[in-house]
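> when you get a sec, could you give me coordinates for this:
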Amino acid sequence: MKAPKLPSFFKTLRHRQFDFKKRYYDAQKEDLDNRVKSAENSKTTLRFSKDWQQSKRSNDNSTSNKRIILIVIILVLLSFALLKI
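A predicted model of the protein is given here:
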């Protein structure tokens, strides 16, 4: 005869787990499934978007650099013109 269980606030019963073992194994099918899963889970879209953002950022940087150089040239020319007078 088992001792009666006392209720507990901290301990919960675990569910029973079912361990199914396959009877048939196809190595080629397993390899194909692994390849399909890796292709589906690949991070090509993430890499593509990251490359896209980097190229956009570099284009923005080059545009702003050109604008700054143009403004500096104009200011230098204006300062020379004002100093000659």
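> and Leu13, how many neighbours?
Using other CB atoms under 10 Å, Leu13 has 7 neighbouring residues. The way it works is simple: take the backbone N, C-alpha and C, and place the C-beta from them, glycine included.
> against Lys5, how distant is it?
10 Å (CB to CB, to the nearest Å).
> now do Ser79
From Ser79 to Lys5 the distance is 92 Å (CB to CB).
> what distance separates the helix or strand hosting Ser38 from the middle of the whole chain?
For Ser38, the host element (DSSP states H and E) is helix 27-40. In terms of CA atoms, centre = their mean, to the nearest Å, the gap separating the centre of helix 27-40 from the centre of its chain is 23 Å.
> could you do stretch 77-85 as well?
Centroid separation for stretch 77-85 versus its chain: 53 Å, with CA atoms, centre = their mean.
> quick check: buried residues in it?
Counting neighbours by 16 or more other CB atoms under 10 Å, one finds that stretch 77-85 has no buried residues.
> please put the alpha-carbon coordinates of it into PDB.
Extracted C-alpha coordinates of stretch 77-85, given in PDB (Å, rounded to 0.1, in the frame of the first residue of the first chain):
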ATOM      1  CA  LEU A  77      35.600  81.400 -53.400                       C
ATOM      2  CA  LEU A  78      33.300  83.900 -51.600                       C
ATOM      3  CA  SER A  79      36.000  84.600 -48.900                       C
ATOM      4  CA  PHE A  80      38.600  85.200 -51.600                       C
ATOM      5  CA  ALA A  81      36.300  87.500 -53.500                       C
ATOM      6  CA  LEU A  82      35.500  89.500 -50.400                       C
ATOM      7  CA  LEU A  83      39.100  89.700 -49.300                       C
ATOM      8  CA  LYS A  84      40.200  91.000 -52.700                       C
ATOM      9  CA  ILE A  85      37.900  93.900 -52.600                       C
END
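> run through the residues that contact Ser58.
By CB atoms under 8 Å, 6 or more residues apart in numbering, the contact list for Ser58 is empty.
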